[in-house]
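K.L.:
here is the input, now give the coordinates:
(one chain, ligands or ions: 2)
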Amino acid sequence: MGDHHAELADLLTDWLPRQRWFAGKGRSGGRVRIRRDVSLGDPLRLLLVDVDYDQGPPDHYQVPVVLRGDAPHGHDGFLIGECAGGLVYDGLHDPDGAAALLRFLVRATRRDDLVAEIRDTGGAGADGAHGAPTESRTPLTDDLPAHAVGAEQSNTSIVYGDAYILKVFRRLWPGTNPDLEVTRTLADVGSVHVATPVAWLSADVEGHRTTLGFLQEYLRSGTEGWRLALASVRDLYAEADLHADEVGGDFSAESERLGAATAEVHADLARALPTRPPTTDDLRALVAYLHGRLDAAVEAVPALRGYEAAARKTYDELTGAAPALVHPRPFQRLHGDLHLGQVLRVDSGWVLFDFEGEPARPVADRVGLESPLRDVAGMLRSFDYAARAMLLDRADEPALVYRAQEWAQRNRDAFCRGYGAAAGRDPYADEAILRAFELDKAVYEVLYETRHRPGWTVIPLASVERLTQGTPPAA
Ligand SMILES: Nc1ncnc2c1ncn2[C@@H]1O[C@H](COP(=O)(O)OP(=O)(O)O)[C@@H](O)[C@H]1O
Ligand SMILES: O=P(O)(O)O[C@H]1O[C@H](CO)[C@@H](O[C@H]2O[C@H](CO)[C@@H](O)[C@H](O)[C@H]2O)[C@H](O)[C@H]1O
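P.N.:
Ligands and ions are numbered 1, 2, ... in the order given. Reported below is the predicted structural model:
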């Protein structure tokens with residue numbers, strides 16, 4: 001394949017920006033450069049690529065591919081293109097490619113601990129192997145049927161049988177990925193709110209051992225919080241005369257449990273990893289950071305301009321009082337992008353996943369100590385999203401807007417009640433900072449939706465309007 005790198009780079013230059021997980025959507029002139037090309041076992045090859053832009057530093061991605069010389073494969077949706085070497089497929093969606101990846105991981109982890117390391121062997125292929133899972137872990141099996149998880153999100157996940165799920169990070173940030181770091185930390189302290197990681201894969205990127213992906217136990221009984229919430233909203237909208245507490249699908253008891261689970265995860269992280277009480281300088285830095293995010297969002301989305309002055313006022317108010325009054329909880333590690341799509345309801349309760357933080361945020365920012373209320377605010381936003389997503393194609397039914405607010409408020413209240421009971425302090429008690437985080441999240445979402453799902457931008461935009469009018473988080 002080495003002979004075809006120029007052609008492959010051209011194909012990827014065209015293909016990458018069309019992927020949901022491509023992060024350079026706001027940048028011009030993206031061109032792909034292939035930095036490494038290693039075999040992970042027939043027929044899978046791993047391309048580590050850089051994307052250079054007209055301005056600023058390159059982004060790093062991994063693109064596993066399968067090259068097929070012959071007939072159509074029946075997976076044309078995952079065809080990247082054709083070069084002189086044959087048809088090039090996205091290797092994670094190609095069943096033979098996905099199977100080869102599990103075989104590689106299993107072979108590698110049999111020889112050392114749980115880390116499969118891809119080492120450069122001068123272009124001849126990957127040798128990358130350390131082996132044997134520790135005794136406490138379930139032995140890995142490599143002959144399971146594979147399928148990629150339906151929706152392409154920030155990364156690509158492959159389910160093997162009903163035993164494992166492999167998350168393959170698409171955009172690479174040099175170093176250990178916070179998702180793996182935090183999930184391992186929680187599993188190691190015995191948290192019941194994460195799925196146990198069983199093996200992981202890394203390679204050198206810019207001189208740092210960089211996480212490429214990790215394999216976790218697959219929670220086969222899990223249902224995503226987002227799906228459950230939408231089902232509840234649907235029930236409510238179908239019963240025009242009933243209130244949220246009167247319909248069969250009331251979600252508030254689940255929201256309360258989810259609040260408690262979030263607080264327990266925060267407590268475990270606070271015990272296992274560093275914490276620190278925020279200082280005046282921390283709050284000043286936080287306010288500067290919130291302004292910076294708003295600057296970038298307003299520049300990219302002019303519709304935000306009308307709310308800018310009020311938003312800045314909300315942020316500036318955080319520096320008016322002593323830190324112990326504004327934020328009487330320690331700063332700590334957290335989830336970083338918590339929403340209903342990042343939690344699974346299993347038989348025993350709620351499990352959180354995807355501890356990567358916001359995918360567009362530089363990783364150095366995501367691994368710092370922050371306010372746990374950022375996660376709370378993320379989830380509060382998500383209740384608004386669930387209620388309003390169901391209105392997107394029902395613009396002709398204004399009466400539903402009131403019902404949407406009612407559903408969202410009931411579940412926001414329940415979540416905070418559960419969180420407060422488990423954490424010993426209700427999030428609503430820290431209203432100013434909670435509102436600032438909610439506003440910041442809504443601003444982030446306006447930018448996110450503009451780039452990825454323009455039809456959804458109205459959802460966070462309506463929340464920016466509400467939050468800049470001074471409506472408190474609690475009714
Ligand atoms: N341990 C697990 N068991 C079952 N399903 C899972 C597990 N972890 C994640 N998932 C599912 O895989 C999907 C993708 O995972 P996620 O970590 O959110 O990836 P991304 O970073 O691409 O958003 C999720 O929507 C979730 O439903
Ligand atoms: O799940 P990801 O890590 O890829 O997070 C990104 O995409 C999310 C959408 O899939 C986006 O979440 C927003 O939409 C959700 C509904 O689809 C909603 O539950 C969230 O509250 C809302 O923020 C997330 O912001 C983005 O980082």
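K.L.:
which residue sits closest to Ala404, ignoring its sequence neighbours?
P.N.:
For Ala404, ignoring the flanking residues on the chain, the nearest one in space by CB to CB, 6 or more residues apart in numbering is Ala387 at 3.8 Å. (Each C-beta comes from the backbone N, C-alpha and C, glycine too.)
K.L.:
you'd agree the one you found is up against Tyr402?
P.N.:
No. Applying CB atoms under 8 Å, one finds Ala387 not in contact with Tyr402, separated by 10.6 Å.
K.L.:
neighbour count winner among those two?
P.N.:
Ala387 (29 against 9; other CB atoms under 10 Å).
K.L.:
show me the contacts for Ser371.
P.N.:
Pro278, Leu286, His327, Arg329, Phe331, Leu334, Ile433, Phe437 (CB atoms under 8 Å, 6 or more residues apart in numbering).
K.L.:
dump the residues you listed to CSV, plus secondary structure.
P.N.:
As requested, the contacts of Ser371 are exported to CSV (DSSP: H, G, I helix; E, B strand; the rest coil):
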residue, secondary structure
Pro278, coil
Leu286, helix
His327, coil
Arg329, coil
Phe331, strand
Leu334, coil
Ile433, helix
Phe437, helix
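K.L.:
now tabulate these in CSV and tack on neighbour count.
P.N.:
Supplementary listing: the contacts of Ser371 in CSV, determined by neighbours: other CB atoms under 10 Å:
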residue, neighbour count
Pro278, 21
Leu286, 25
His327, 23
Arg329, 21
Phe331, 21
Leu334, 27
Ile433, 23
Phe437, 26
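K.L.:
of those, which is the nearest to Leu186?
P.N.:
Leu334 (11.4 Å; CB to CB).
K.L.:
next up, the contacts around that closest one.
P.N.:
Leu334 sits in contact with His266, Leu269, Glu370, Ser371, Pro372, Arg374, Asp375, where contact means CB under 8 Å, 6+ apart.
K.L.:
what's the spacing between it and Pro372?
P.N.:
As judged by CB to CB, to the nearest Å, Leu334 and Pro372 stand 5 Å apart.
K.L.:
so what sits against both of the two?
P.N.:
The contact lists of Leu334 and Pro372 share His266, where a contact means CB under 8 Å, 6+ apart.
K.L.:
where along the protein do the helices fall?
P.N.:
5-15, 95-109, 178-188, 225-238, 252-272, 280-300, 308-316, 323-326, 363-366, 373-389, 399-423, 431-452, 458-468 (DSSP state H).
K.L.:
which parts of the stretch 51-200 of the chain sit against ligand 1?
P.N.:
Proximity of the stretch 51-200 of the chain to ligand 1 is confined to Val149, Gln153, Ser154, Asn155, Ser157, Ile165, Lys167, Ala195 under the rule CB under 6 Å from any ligand atom.
K.L.:
mark which of the residues you listed are part of strands, please.
P.N.:
Ser157, Ile165, Lys167 (DSSP state E).
K.L.:
select only the buried ones of these in ChimeraX?
P.N.:
The following ChimeraX line selects those of these that are buried, judged by 16 or more other CB atoms under 10 Å:
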select :157,165,167
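K.L.:
mind putting the ones in strands among the residues of the stretch 51-200 of the chain next to ligand 1 into CSV with pLDDT?
P.N.:
Output for those, formatted as CSV (pLDDT from 0 to 100):
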residue, pLDDT
Ser157, 95
Ile165, 95
Lys167, 95
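K.L.:
just put the ones in strands among the residues of the stretch 51-200 of the chain next to ligand 1 in CSV and tack on distance to His208.
P.N.:
Compiled in CSV, those are given as follows (distance: CB to CB, whole Å):
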residue, distance to His208
Ser157, 23
Ile165, 25
Lys167, 19
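K.L.:
out of the ones in strands among the residues of the stretch 51-200 of the chain next to ligand 1, which comes closest to Tyr218?
P.N.:
Ile165 (4.5 Å).
K.L.:
quick revisit: nearest to Asp413 among the contacts of Ser371?
P.N.:
Of the contacts of Ser371, the one sitting nearest to Asp413 (CB to CB) turns out to be Phe437, at 17.2 Å.
K.L.:
how about that closest one, nearest residue that isn't a chain neighbour?
P.N.:
The nearest residue in space to Phe437 (CB to CB, 6+ apart) is Ala377, at 3.6 Å.
K.L.:
in this structure the one you found contacts Glu438, no?
P.N.:
Yes. Ala377 lies in contact with Glu438 (CB under 8 Å); the separation is 4.4 Å.
K.L.:
joint contacts of these two?
P.N.:
With CB under 8 Å, 6+ apart, Ala377 and Glu438 have no common neighbours.
K.L.:
buried deepest among the helices of the chain, which one?
P.N.:
Stretch with highest mean neighbour count among the helices of the chain: helix 373-389 (a mean of 25; mean count of other CB atoms under 10 Å).
K.L.:
now for that one, which elements pack on it?
P.N.:
If contacts are counted by 3 or more CB pairs under 8 Å, 6 or more residues apart in numbering; DSSP states H and E, helix 373-389 sits against helix 225-238, helix 252-272, helix 399-423, helix 431-452, helix 458-468.
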